[in-house]
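Student: Predicted model, plus sequence, below.
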Amino acid sequence: MDINFNKNEDYNKLLVSDLKRRLAKVKLGGGEKRIEKLHTKGKMTARERIDYLLDSKSESIEIAAFAGEDMYKDHGGCPSGGGVVKIGYVKGKQCIVVANDATVKAGAWFPITGKKNLRAQEIAIENRLPIIYLVDSAGVYLPMQDEIFPDKEHFGRIFRNNAVMSSMGITQIAAVMGSCVAGGAYLPIMSDEALIVDKTGSIFLAGSYLVKAAIGESIDNETLGGATTHCEISGVTDYKAKDDKNALDTIKNIVDKIGDFDKAGFNRVTAVKPKENPEDIYGILPKSRADQYDMNTIIKRLVDNSEFEEYKAGYGQTIITGYARIDGWAVGIVANQRQIVKTTGAKTKSAEMQFGGVIYNDSADKATRFIANCNQKKIPLVFLQDVTGFMVGSKSEHGGIIKDGAKMVNAVSNSVVPKFTIVIGNSYGAGNYAMCGKAYDPRLIVAWPSAELAVMSGKSAAKVLLQIEKASLEKQGETITAEKEEALYNTIKSRYDNQVSPYYAAARLWTDAVIDPLDTRTWISMGIEAANHAPIEKPFNLGVIQV
């Protein structure tokens, strides 16, 4: 091992250590005191409920753990978006579980809470996964109601999705384990089956205080909408549970009886671990986002037996394409090559250099063809992003880089096989789009701690913004000294660098998670297993493209 490997390894392991520290903090939700308060009421926390529900010693992945991070400081914060979402196994069946976190503002819905819940439902719809709701919420967070209530992607979309999933035959089970108020009361009742916990669960459109104010009726909340009322009088709920564990055990028994599902039929054989040590990734991945490395060395540490069948290896070398297996599943990999490569011009036959991480005409063309091949063969696609964008300049423009890039974007957009995106390093500009960024419907998209997502790098953006800021100040009559220019540059770059952080992206759900690179195989495998629940219903069609 060389000195650079050791330096990279130390740096990347520190990033993973920081990731684990951040996750530990997020998992406390509203804090230890609020957790204790919940326990004194005989209730489990959102995470305890999910852990009890999911099969012990089985794999699970958490969606949007960092949702809302640093976004609502003026409102006391919203750790993990006020809820927990996991894909895991209940009685051996893969499900997605959504739980309100009552330690965060009594489970109230912030704008990011709505976005996170909609993402969970989107995953259920795309993959036809059974979805389980563990409800314990005070409803919409009123100080921000204008950002969560009326729009298409706001709170009401949840109930619309309940109805759509029901029509699709996607199993929905809801357990009311605390408050379930106002519009939120529709969520469990629009599910296929609803449970309610005695004495702690309640459902009503308006609580006792509002009822008193509105119509003058005096009634307590338990009589108004408790478990006995809804199980024995209104018939709104289907099962009454004596406590949280009893409710969760009932859900397990219901899920255990669900029949088998139609499968998409993706190819899988017995899994084999990579022959090359996956932990080498820490040493291979450079500390600087500008440094070069061979993406093939990363791929061989992610795929079964380190075997990779490369497609068009000598053509369009700034994108690597090829077939492999991940945890037994057949996959097609589209990855950015970060090394400077030599290529031979088709007309001149002369060798020229191509910069790593940049998409050239030939690499875009190759990727388009490979994506079409994978769609024809019904092979899921995995995108490994470390891209600075498309090549610019007269040579590329005259060669039709816009046309070739458009073809690649077209292929990614119209792909009918499931897509999975791993942001390893840079994810800049149109490169993010072509390599299946969030806007292009990857079934799952995750980032390594080394990732950066932005229109351009912090350094490049700061230079552009500095020129604009300088011009504005000079127009106002200010003299910009070298010292002032440097201070201004550092201020702008610091602000921009914060925005390119993978945690900034994860907080806003531009990605589903920030993960340890060693967990990548698990995410892809569980993602393909989920996608296998949803048969492909339409043919691959590129539409109109310029050849």
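Tutor: Received the coordinates, thanks.

Student: those strands in the stretch 251-400 of the chain, which residues are they?
Tutor: All strands of the stretch 251-400 of the chain, identified by DSSP state E, counting those that start in this stretch, fall at 309-311, 319-326, 329-336, 341-344, 351-354, 358-359, 381-387, 389-390.

Student: Tell me the helix or strand right after the longest helix seen in the chain.
Tutor: Secondary structure assigned by DSSP state H gives helix 3-26 as the longest helix of the chain. As assigned by DSSP states H and E, the chain's next helix or strand after helix 3-26 is helix 32-40.

Student: how far out from the middle of the chain is that following helix?
Tutor: 29 Å (CA atoms, centre = their mean, to the nearest Å).

Student: For that helix, buried residues please.
Tutor: 34-35, 38 (16 or more other CB atoms under 10 Å). From N, CA and C alone the C-beta is placed, and that goes for glycine too.

Student: ok, so of those residues, who is nearest E483?
Tutor: Closest approach between the buried residues of helix 32-40 and E483, by CB to CB: R34, at 48.2 Å.

Student: With adjacent residues omitted, what lies nearest to the closest one?
Tutor: Among residues not flanking R34 along the chain, T103 sits closest, at 3.9 Å (CB to CB, 6 or more residues apart in numbering).

Student: same thing with N296?
Tutor: I320 (6.6 Å).

Student: ok, the one you found touching T297?
Tutor: No. Using CB atoms under 8 Å, I320 makes no contact with T297, being 11.1 Å away.

Student: of the two, who's got more company?
Tutor: I320 (27 against 16; other CB atoms under 10 Å).

Student: For that one, which residues are in contact?
Tutor: Contact partners of I320, counting by CB atoms under 8 Å, 6 or more residues apart in numbering, are 295-296, 299, 310, 333-337.

Student: out of the residues you listed, what pair is the most spread apart?
Tutor: Using CB to CB, the two most remote members of these are E310 and N336, lying 14.3 Å apart.

Student: Give me the buried stretch members for stretch 227-242, please.
Tutor: 227, 229-231, 236-241.

Student: Switch the residues you listed over to TSV; also include pLDDT, secondary structure and distance to I170.
Tutor: Below are these laid out as TSV (pLDDT from 0 to 100; DSSP: H, G, I helix; E, B strand; the rest coil; distance: CB to CB, whole Å):
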residue	pLDDT	secondary structure	distance to I170
A227	93	helix	26
T229	93	helix	29
H230	94	helix	24
C231	94	helix	25
V236	92	coil	21
T237	95	coil	20
D238	95	coil	18
Y239	97	strand	20
K240	97	strand	25
A241	97	strand	23
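
Student: just the CA coordinates of stretch 10-26, formatted as CSV?
Tutor: Presented in CSV, the C-alpha positions along stretch 10-26 are these (Å, rounded to 0.1, in the frame of the first residue of the first chain):
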residue,chain,number,x,y,z
ASP,A,10,-7.7,7.6,7.0
TYR,A,11,-9.8,10.4,5.5
ASN,A,12,-12.6,8.2,4.3
LYS,A,13,-12.9,6.3,7.5
LEU,A,14,-13.2,9.6,9.3
LEU,A,15,-16.1,10.5,7.0
VAL,A,16,-17.8,7.2,7.9
SER,A,17,-17.1,7.8,11.6
ASP,A,18,-18.8,11.2,11.2
LEU,A,19,-21.7,9.5,9.4
LYS,A,20,-22.2,7.1,12.3
ARG,A,21,-22.0,10.0,14.8
ARG,A,22,-24.7,11.9,12.9
LEU,A,23,-26.9,8.8,12.7
ALA,A,24,-26.6,8.2,16.4
LYS,A,25,-27.8,11.8,17.1
VAL,A,26,-30.7,11.5,14.7
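
Student: I'm done for today, thanks for sticking with me.
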